[in-house]
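Q: 3D, please:
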Amino acid sequence: DVKLGYMPNLISASLAAIGDSEGYFEEYGLDAELVKFTSGPPEFAAMAAGDLDAGIIGHGAHLLAIQGQAEIFYFECLGNSDKVMTRTDTGIKTAADLKGKTIAAVLGTSSEALLNLTLQSAGLTQSDVKIVSMDQNGAATALIAGQVDAAAIWSPLTVTVSDTLGDKAVVVSSIGDFADKAPSPGSWITSAKMIKEHPEVIEALTKAFLKASNFRAANIEKTAEYVARLIGTDTSEVMKEVQTAKWFTADEIYEFVTNGSVDEWYSAEQQMFIDAGQLAEKVPNETYFDKSFIIECYEEMKANGEL
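A: Below you'll find the predicted structure:
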């Protein structure tokens, strides 16, 4: 029995939903239990307590992995779902207009990371605004209700805000605006203990994820159907999130891992945390990213005709 953490959106739930629905977990001998989380940081706590074996994290929670609280074993996508949003009545149009405003954000996640980048782009820091810490649902609800001036949120709440506010919704910034210096990777983490004591489980997971990555790249509508079933919503709602990430195939993931691209993205991500004052100095990627699982599993599966 392996417990996998996911978040209820297309990026964070798709590989788990595909692995379950397409039988890839079963194929590699895994009895997977899918556990819902609202963001990445609580997954680390659950892992430390022994209540979770692996989970997916967005950009912001990578800081905890860099600090040694978990190890990444699977890189799966680059996200572009995060946005800082406001309403037309606030008068906020640019990052500079955020000065003195009240902004909802999920601290320690990609929500805060995008907010920091947005503020920096206008020469501002967190001390120039009032940040209200809340979860994603709370942030979206507060923005819609007019209780905050802006909110840093991710999919599917960005879709909810746009749908609810209609032409009164304003996007101040999105993570894609900072793509050159701010990659937003989606990665799967596990504990060092799990890698040491049960590497065969992480190998089996990696193989299932490589197959699931290929399935997702080729069948995004079916993937949305599986995710909708897992998180309890309509497929049409999940389909609104299709543009929230670059969906890589197993071949592309292997190529990015072996040609140094993933290392570059993780290094750039570390620099972002340094620029935001959240990390003192860079650490070698290999201290928290074990690329051997992707490389060895991919090569073995290719040789066996499994991919």
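
Q: alpha carbons of whichever strand or helix holds L165, in PDB - could you do that?
A: Taking DSSP states H and E as the criterion, the element that holds L165 is helix 157-165. The C-alpha atoms that make up helix 157-165 are tabulated as PDB, following Å, rounded to 0.1, in the frame of the first residue of the first chain:
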ATOM      1  CA  LEU A 157      -9.400  29.000  -8.600                       C
ATOM      2  CA  THR A 158      -8.100  31.400 -11.300                       C
ATOM      3  CA  VAL A 159     -10.900  29.900 -13.600                       C
ATOM      4  CA  THR A 160     -13.500  30.300 -10.800                       C
ATOM      5  CA  VAL A 161     -12.600  34.000 -10.300                       C
ATOM      6  CA  SER A 162     -12.700  34.700 -14.000                       C
ATOM      7  CA  ASP A 163     -16.000  32.900 -14.400                       C
ATOM      8  CA  THR A 164     -17.600  34.600 -11.400                       C
ATOM      9  CA  LEU A 165     -16.300  38.100 -11.900                       C
END
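
Q: residues in contact with it?
A: Residues outside helix 157-165 that contact it (CB atoms under 8 Å, 6 or more residues apart in numbering) are 81-83, 85, 87, 136-137, 139-140, 143-144, 151, 153, 169, 237, 240-241. For the C-beta atoms, the positions are set from N, CA and C on the backbone; glycine is no exception.

Q: and A280, helix, strand or coil?
A: coil (DSSP: H, G, I helix; E, B strand; the rest coil).

Q: state the distance from it to V262.
A: In this view, A280 and V262 are 23 Å apart by CB to CB, to the nearest Å.

Q: please, where are all the helices along the stretch 201-307 of the chain?
A: Along the stretch 201-307 of the chain, counting by DSSP state H, counting those that start in this stretch, helices occupy 220-231, 235-239, 250-258, 261-275, 292-303.

Q: can I get these in a markdown table with distance to E286?
A: Below are those laid out as a markdown table (distance: least, CB to CB, whole Å):
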| stretch | distance to E286 |
| --- | --- |
| helix 220-231 | 31 |
| helix 235-239 | 35 |
| helix 250-258 | 12 |
| helix 261-275 | 9 |
| helix 292-303 | 10 |
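
Q: got TSV for the ones you listed, with mean pLDDT too?
A: Shown next, in TSV, are the helices of the stretch 201-307 of the chain (pLDDT from 0 to 100):
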stretch	mean pLDDT
helix 220-231	97
helix 235-239	95
helix 250-258	97
helix 261-275	92
helix 292-303	98
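
Q: okay if I get these as TSV plus distance to I56 and mean neighbour count?
A: Listed next are the helices of the stretch 201-307 of the chain as TSV, based on distance: least, CB to CB, whole Å; neighbours: other CB atoms under 10 Å:
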stretch	distance to I56	mean neighbour count
helix 220-231	12	20
helix 235-239	16	17
helix 250-258	14	18
helix 261-275	15	18
helix 292-303	15	17
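
Q: ok, which of the ones you listed comes nearest A65?
A: Set against A65 and scored by CB to CB, the helices of the stretch 201-307 of the chain come closest in helix 261-275, at 9.3 Å.
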